[in-house]
Every structure is written in structure tokens, then in C-alpha cells.
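Student: with the sequence up front, the predicted model follows.
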Amino acid sequence: MLASLLLNTVELTQTLLIPSSTVALKVKGMRCGGCVANVEKQLMQQPGVTSAAVNLVTATAMVAYEPETIQPQALADHLTQAGFPTEVLSRELPITAALLESGESSSHTDVIFVFPHTDLILAIVFLLLSGVGHVQDWLGLSLHHVPGSSILHTMAWHWGLATLALIGPGRGIIRDGWQSLWRGNPTMNTLVGLGAVSSYLASVIAWRVPGLAWECFFDEPVMIIGFILLGRTLEQRARNQASQSLRSLIALQPALAQWLPNPDRTDGLTIPVAQVQGGDWLRVLPGDKLPVDGVVVRGETFVTEAVLTGEARPIAKIPGDSVMAGSLNQASAITIQATACGNETLLGQILTLVTQAQTRKAPIQRLADLIAGYFTYGVLVLAAVTIGFWWGLAPMLLGIAGGTASLLLGLKLGMAVLVVACPCALGLATPTAILVGTSLGAEQGLLIRGGDVLETLHKLTTIVFDKTGTLTWGKLTVQNCIPLAEFDATELLQLAASLEQNYRHPIAQALLSEAKDKNITLLPVTETESIPGLGIKAVWHEQILRVGSLAWLAKEGLEVEQLIKDQNQQNLSVIGLGLDQTIIGLITLQDQLRPDTAQTLESLKKMGLEIHVLTGDSATATHEILAPLNLTENQIQTQLLPTEKVAWIEQQKVAGKTVAMVGDGTNDAPALAGADVGIALASGTDVALETAGIVLTHNRLADVVAAIQLSRATFSKIQQNLAWACGYNLIAIPVAAGVLLPIWQISLTPGLAAACMALSSISVVVNALLLNRVKSSWIWN
């Protein structure tokens with residue numbers, strides 16, 4: 001499920017387009033947070049690049065650049081030369097699909113054979129063959145009667161397996177690790193490659209120089225390569241599962257469309273959706289998904305828009321009606337004319353927005369990436385220190401045998417340190433949880449613009465609501481037109497609607513709707529000036545015509561003081577109409593609370609949040625309509641200008657509170673931008689939608705609660721993942737370095753260290769996947 005699309009939000013597709021100076025790059029070869037930091041560093045060093053955000057999970061980079069200084073292909077070429085094969089993602093394709101494709105393809109960047117799993121299969125085969133002899137001894141079995149079984153115990157056999165493991169499935173890891181080290185940017189592959197090659201070389205020396213009395217451990221490089229590749233495969237599968245919600249949204253977009261040369265034809269050509277252009281005629285058969293946004297020109301049908309609007313009932317469509325990409329044609333064949341294609345459809349733009357959310361990092365993720373950027377260097381130093389300690393100092397301090405024996409022990413422990421260290425878990429901890437959380441939110445009608453929004457929302461203390469269109473439906477209806485001069489009620493409505501004819505706020509919509517219902521012709525006015533939150537004035541027949549709040553009209557010099565005192569009508573808002581300095585009439589309007597308003601505010605109170613209402617309406621009308629909500633006078637601020645709303649929010653922030661603003665109108669845009677988190681309903685104006693950090697696309701106020709709950713659940717997973725990633729490394733690295741060896745005789749072999757490292761990476765991804773349980777448990781039920 002994606003978004004509710006009302007007629008007054010069609011322009012949303014224009015506000016979500018990727019700027020021409022922003023490009024998405026598919027970056028291969030990234031394995032850990034250190035790689036992310038390195039890629040961002042490489043990009044930011046290029047002239048003309050203004051910002052770069054790299055995501056490890058989707059294997060992509062979003063780069064803002066100056067076109068006159070540098071081009072995207074130059075950026076891709078630079079990263080490729082730096083060891084990260086990069087492609088520019090085509091702007092002609094739905095960007096989200098391309099990004100996810102990049103995430104899949106990047107999972108096998110170390111593969112050297114054509115079949116993607118060949119390396120893993122070979123590594124497992126070598127691992128099993130290497131362990132046959134050991135298992136035989138452990139189980140007390142005898143294979144002497146099997147011809148050639150004696151070779152299983154020979155050093156040549158284990159040397160051969162280790163050699164094949166390194167030059168076969170391990171070749172890509174070793175090569176990439178060496179190249180990264182040579183360029184001065186060591187990665188996880190550097191650590192693994194050094195561990196595998198070191199254990200191999202030490203075993204070769206022990207085998208060929210028996211006088212050293214060293215132990216041969218050819219099994220170790222085989223185990224290292226096998227466990228690493230197995231762990232990476234399982235990790236990638238878990239990553240793919242993490243993006244499953246996003247993939248289900250992408251599946252709404254069909255790959256093919258039936259193109260017609262003219263709307264009168266019923267037979268045409270089947271072409272890729274990417275080739276459809278605005279104005280093309282398309283045939284959509286029953287049971288097919290609509291490939292683009294368009295208008296019905298032939299035929300009548302019923303269309304299911306549940307995935308887009310949350311409305312489960314089929315909606316009748318006749319010629320002239322709008323249809324949306326991703327909706328399902330249920331009844332009969334129709335011909336449509338495309339109005340928006342590819343990324344320009346509402347479906348495409350919402351998917352783009354969700355994808356871009358992956359590159360907006362939470363502050364805690366920036367810290368994790370910073371640490372990961374230096375992590376590999378620290379591990380290399382610790383490995384060298386470990387070797388030096390056990391070879392040089394341990395014989396003196398701990399009384400162990402020195403010489404070549406202590407050197408071998410130091411080498412084994414140093415190799416274990418190299419292999420057990422896991423920068424991957426640190427790099428995956430945050431982006432994986434954000435991917436699952438934002439994708440899950442998009443499925444349920446919450447468009448969250450990034451991890452930074454989630455992190456701020458989870459620590460929210462105060463939530464502020466606009467009244468009209470937010471707590472209420474915002475669908476004002478004209479109750480009465482009260483003439484106060486020579487104009488009658490119809491003429492009052494005609495003048496007021498004429499002033500509002502170019503605006504979309506709730507009062508304008510109410511007046512225009514009433515005028516349309518009564519077939520009233522609008523009058524031409526000139527020099528129109530809007531005073532946000534107060535009213536509008538223009539010139540009509542060389543006289544100044546004003547419509548707006550009575551308080552504003554009073555400031556404009558009109559005599560309305562007695563009228564203000566007389567207005568005490570329940571649930572009514574009153575605007576006045578003035579001609580020059582004379583008040584010529586009043587128009588009363590009425591609104592209603594949304595059905596989920598009371599329950600939403602009650603849920604927010606139980607979550608420990610402070611609730612306030614900021615509105616530009618009069619105190620009398622506001623308190624009357626909000627009476628069922630049991631809010632105190634201190635929680636309701638009335639007759640506020642947009643700038644005063646911003647100032648009130650700023651005061652709360654200065655007091656140390658974290659503030660969210662929920663609104664829907666143009667007047668709310670400054671407050672939405674000024675709050676720590678802006679939340680807009682999809683029925684709002686484009687400027688509100690563009691300003692907000694979260695868009696409630698199903699237009700349900702209760703989704704404010706869902707957004708906060710999702711943010712708390714997501715950030716909880718981030719904290720758990722980071723705690724695990726840091727805790728694992730803080731414990732595993734010292735154990736691998738031998739801190740438990742003197743007292744308890746406990747140490748890690750390089751092979752076992754590789755298994756631990758692989759499990760560490762998998763664990764953070766699997767933990768993030770547990771967020772999917774939220775959907776079916778306690779948020780949206």
C-alpha cells in the first residue's frame with residue numbers, strides 16, 4: 001500500500017522529482033562501514049561535488065554535484081579506479097528498481113566464476129574434504145580398506161586443498177584486500193585476506209622446515225574462506241529479505257504496456273513501460289495493472305486502488321476520470337492517455353522518495369560510519385601488537401617457551417585478531433534497520449524521509465497540531481451568508497469566491513464549492529494580495545475588496561468590533577467581507593473533527609507526549625469544536641499568524657523540548673519546517689508535503705501514532721544492533737588476542753574466528769528483520 005491521491009495533490013509528482021544535479025550511482029565492492037566512509041571521502045574530494053550519501057545495504061550513492069564542473073560518469077570512473085566498480089543509474093528507469101537491482105548484484109562482487117554461487121560451493125567442498133580426516137579420527141572410523149584413503153592424512157593433501165581454496169574461491173577476497181591495502185584504504189577483505197594468506201604461509205614454512213617444530217594448520221585458510229563466503233551468502237539473503245517490503249511496492253509497476261497508435265484502435269504493440277511517453281494511448285485489459293498515470297478516454301471499468309489509497313472497494317472509472325499507475329483494472333478493457341510515466345508517476349515518485357530516505361543518515365549512523373572508517377587500521381595495529389607481545393614479551397612475563405614457538409603462537413593469535421574483527425556488523429547495524437523501517441512504513445502509508453527523521457521522532461517530547469484540516473476534516477461548508485449592506489446573500493458569496501478563486505486553503509475550497517453548486521459565475525478581480533493566515537484583498541471596480549478574519553478586517557480599519565463581540569456560534573468560523581472601509585457581510589462556515597482525532601490524542605497522551613494546538617482561528621470557534629478532546633486552555637493557542645506559530649515552536653525547542661508539528665496547509669509550512677519533525681497529511685498542499693519529514697499518505701490522523709511507534713521500534717533495533725556490533729568486537733578481539741589464554745587456556749583459532757565474524761554480520765541483519773513483526777502485532781491493528 002502506498003498513498004492516497006486526492007485531486008488536489010496531483011502536483012505532488014512535481015515536487016518529488018530528483019533534481020537534475022543529483023545522480024544515483026551503483027557502487028560495487030563495499031563490504032563494511034569503512035568502505036562507506038572511503039567511498040564518501042572519494043566522492044567529496046572531487047571538484048563540483050556538494051554532498052554524497054552512501055548506503056551499504058542498497059550499495060548505492062546519491063551525489064549532489066555541479067553539472068558545469070563535473071559529470072556523473074567522471075564520478076563513476078573515479079570510484080572504479082579507486083577499487084569500487086561503479087555505474088551511473090539511468091534516469092529513464094524507475095530509480096528504486098535500479099537501486100534494489102544494484103543491491104542484489106553487489107552481493108557477489110568477489111565472484112570470479114560465471115555462476116554466482118560457484119565460489120561458495122567450491123569453498124564448502126574444500127571445507128568438507130579438509131575435515132574428512134579429522135571427523136574419521138573423532139568418530140574412531142577406519143577407512144584403510146578404501147583405496148586411496150591414506151592420502152586424507154597427508155600434509156600434501158591439506159596443502160593442495162588450502163592452495164585451491166586460496167586461488168579459487170578465495171582469490172577475489174585476497175586480490176581485493178591487497179589492492180585496497182596498496183591504495184592505503186584497507187577493508188574487511190584486507191583483514192580476511194591477510195589472515196588466510198598468513199595462516200597458509202606459516203603452514204608452508206612449518207611443513208617445509210620441520211626443524212622449527214611448528215604446527216601445520218592448512219585447515220585454517222580453508223575454514224576462513226569457507227566460513228566467510230557462507231556468512232556473506234546468508235547475510236545477503238537476509239539483506240534481500242530486509243528489502244522485501246520495498247520490492248513488493250516495486251512489483252506494482254508492470255514491465256510492459258500495450259501501446260496504441262490512436263485511441264480508436266484496440267490492437268497495438270507491446271512495449272516496455274520505460275518507452276511510454278506522455279500523451280501516448282495505452283490499452284489496459286481486465287486483470288492488468290495500469291502502467292502509468294493517465295486519463296480514461298475509452299471504455300468504463302472498475303479499478304482497485306487499495307494499494308494506493310487504502311480504499312478496498314473498486315472505484316468506477318469512466319471517460320475523463322484519472323487513473324494511477326499500480327492500480328488494478330478489474331472489470332473491462334479501457335483505453336487511457338498517459339499523463340505521467342516512469343519516475344514522474346505518483347507511484348514512481350513515492351518509491352523514489354522512499355529510496356532517497358535510505359541515504360539520509362541518522363546522526364548515530366554517521367558516528368558508526370566514522371568509527372568504521374578507522375576500524376580496519378586499528379585492527380591491523382592490534383594484530384601486529386598481538387604478534388609482538390606473544391613473541392617478545394609473553395616469554396618473559398608469562399614464562400612460556402620463547403623463540404620460534406612463541407612466534408608461531410603470536411602468528412596464530414594475530415591471524416585470529418585479523419579475521420574475528422567485524423566492521424561489517426558496525427556498518428550494517430543502522431542502514432539495515434532504516435531500510436526495513438522506512439519500507440514497512442511505506443507499505444502502511446507512512447512516507448519517512450530518512451534515518452535522521454526516525455532518530456529525531458523517537459525522542460519526541462511535544463507534538464503540535466494545526467486545527468483546520470488536521471484535527472478536523474478541513475472540509476469547511478458554508479452555513480450562512482449574512483448581508484450587512486446593499487448586497488444580497490448570493491452576491492456576497494460571488495464576491496468572496498471571486499477573491500479566493502486562485503487559492504486552495506480550506507476556506508477557499510468551501511467558498512468555491514458553494515459557488516459552483518449554486519452555478520455562480522466568478523468575477524474578475526485584480527491586484528490580488530494574500531496575507532497568510534488572515535485574509536485576501538484585491539481591486540474590484542476600483543474599490544478594495546477584502547475577505548478574511550474579523551480581527552484582520554479591524555486592523556485594516558473596518559468597523560467590526562461589535563460584530564466580533566456578537567459572534568458566539570457553536571462550531572462555526574466567521575469571516576467578513578469588506579468593500580473599501582465598509583463591512584458588507586458575514587459568512588459562517590462549519591467544520592467537523594475527524595473520527596479518529598480523539599483516540600489519536602488519547603494514545604499520544606498515554607505515550608507521555610505533550611499535546612498542543614496552534615490555530616489562526618478565533619478562540620470561541622476553536623474551543624467549541626475542540627471541546628470533545630478535553631484539552632486545557634493552556635494547550636490551545638488561537639489567532640496565531642504563521643510566524644507566531646514558528647516563534648511558539650522555537651520557544652519550546654529553546655526550552656529543551658523535541659517538537660513535532662502536524663499540519664496540512666500552506667500556512668503550516670513555516671511551522672512544519674521550524675519543528676524538529678514536520679508531519680503532513682497527504683490531503684494537504686504541495687508546499688506542506690514538500691516541507692514535512694513524514695507524509696501520512698493514507699490521510700489518517702491515527703498514523704501519527706503509528707509513525708512514532710515505528711520510529712521507536714526502528715531505533716530500538718538500531719541501538720540493539722550497535723550494542724551487539726560494538727560488544728562483539730570489544731569481547732571477540734581481546735579473546736582472539738589471547739587474553740584468556742594464560743589463565744583458562746582459551747583461545748580462538750583463525751578458522752573459528754572466521755565463523756564468529758560471519759555470524760556477527762548475519763545477526764544484525766536478522767535482528768533488523770524482526771521489525772516486520774511490528775506490522776502484524778501492535779501498530780496498525
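Tutor: That came through, no problem. Remember, it's a predicted structure, so these values are computed and weren't measured experimentally.
Student: what does the helix or strand that G585 is a member of rub up against?
Tutor: G585 is part of strand 582-590, with elements assigned from DSSP states H and E. For strand 582-590, the external contacting residues (Cβ atoms under 8 Å, 6 or more residues apart in numbering) are 476-487, 489, 492-493, 495-496, 507, 510-511, 553, 558-560, 563, 567, 569, 571-578. Heads up, the C-betas are built off the backbone N, CA and C, glycines and all.
Student: make a ChimeraX selection of the buried ones in these.
Tutor: ChimeraX command restricting the contacts of strand 582-590 to the buried ones, with burial defined by 16 or more other Cβ atoms under 10 Å:
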select :476,478,479,481,484,487,492,493,495,496,507,510,511,553,558,560,563,567,571,572,573,574,575,576,577,578
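Student: tell me which of the contacts of strand 582-590 fall in helices.
Tutor: Members of the contacts of strand 582-590 lying in helices (criterion: DSSP state H): A489, L492, L493, L495, A496, I507, A510, L511, L553, L563.
Student: what sits against the second one?
Tutor: Taking Cβ under 8 Å, 6+ apart as the contact definition, L492 lies against C481, I482, P483, L577, I584, G585, I587.
Student: ok, the first one next?
Tutor: The contact partners of A489, by Cβ under 8 Å, 6+ apart, come to N480, C481, I482, P483, G585.
Student: off-centre distance for the longest helix seen in the chain?
Tutor: The residue-count maximum for a helix in the chain (DSSP H) belongs to helix 703-737. Here helix 703-737 is found 17 Å from its chain centre; the criterion is Cα atoms, centre = their mean, to the nearest Å.
Student: all strands of the stretch 151-300 of the chain, in order?
Tutor: 256-260, 269-272, 281-284, 293-298 (DSSP state E, counting those that start in this stretch).
Student: looking at these, which is buried most?
Tutor: strand 281-284 (a mean of 23; mean count of other Cβ atoms under 10 Å).
Student: other SSEs contacting that one?
Tutor: Counting by 3 or more Cβ pairs under 8 Å, 6 or more residues apart in numbering; DSSP states H and E, the packing neighbours recorded for strand 281-284 are strand 256-260, strand 334-340.
Student: out of those strands, nearest to T404?
Tutor: Closest approach to T404 among those (Cβ to Cβ): strand 256-260, 68.8 Å.
Student: what's that closest one in contact with?
Tutor: Counting by Cβ under 8 Å, 6+ apart, 266-273, 275-276, 280-285, 291-292, 335 sit against strand 256-260.
Student: how about a cut-off of 10 Å?
Tutor: Residues outside strand 256-260 that contact it (Cβ atoms under 10 Å, 6 or more residues apart in numbering): 265-277, 280-285, 288-292, 297-298, 333, 335-338, 341.
Student: check which element follows the host helix or strand of D369 along the chain.
Tutor: Secondary structure from DSSP H and E places D369 in helix 363-388. The helix or strand immediately downstream of helix 363-388 is helix 394-397, counting by DSSP H and E.
Student: what helices or strands is the helix or strand following that next one leaning on?
Tutor: Note on helix 394-397: by DSSP H and E, the next helix or strand toward the C-terminus is helix 404-420. Other elements packing on helix 404-420 under the criterion 3 or more Cβ pairs under 10 Å, 6 or more residues apart in numbering; DSSP states H and E are helix 188-208, helix 219-242, helix 363-388, helix 394-397, helix 703-737, helix 750-769.
Student: which residues in the stretch 501-650 of the chain form helices?
Tutor: Ranges of helices in the stretch 501-650 of the chain, per DSSP state H, counting those that start in this stretch, are 506-517, 550-555, 561-566, 597-606, 619-625, 642-654.
Student: that older thread, and the strand holding G585, which strands flank it?
Tutor: The sheet places strand 582-590 alongside strand 477-483 (antiparallel), strand 572-579 (antiparallel), with pairing taken from DSSP bridges.
Student: of all these, which one is nearest P642?
Tutor: strand 572-579 (17.3 Å).
Student: kindly export that closest one (C-alpha atoms) in PDB.
Tutor: The C-alpha coordinates for strand 572-579 follow below in PDB (Å, rounded to 0.1, in the frame of the first residue of the first chain):
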ATOM      1  CA  LEU A 572     -18.700  28.000  13.500                       C
ATOM      2  CA  SER A 573     -16.000  30.000  12.000                       C
ATOM      3  CA  VAL A 574     -16.900  33.500  10.700                       C
ATOM      4  CA  ILE A 575     -15.200  35.600   8.000                       C
ATOM      5  CA  GLY A 576     -16.100  39.100   7.000                       C
ATOM      6  CA  LEU A 577     -16.400  40.700   3.600                       C
ATOM      7  CA  GLY A 578     -15.400  44.300   3.300                       C
ATOM      8  CA  LEU A 579     -15.700  46.900   0.400                       C
END
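Student: off-centre distance for that strand?
Tutor: 44 Å.
Student: quick one: average confidence on it?
Tutor: Averaging pLDDT along strand 572-579 yields 82.
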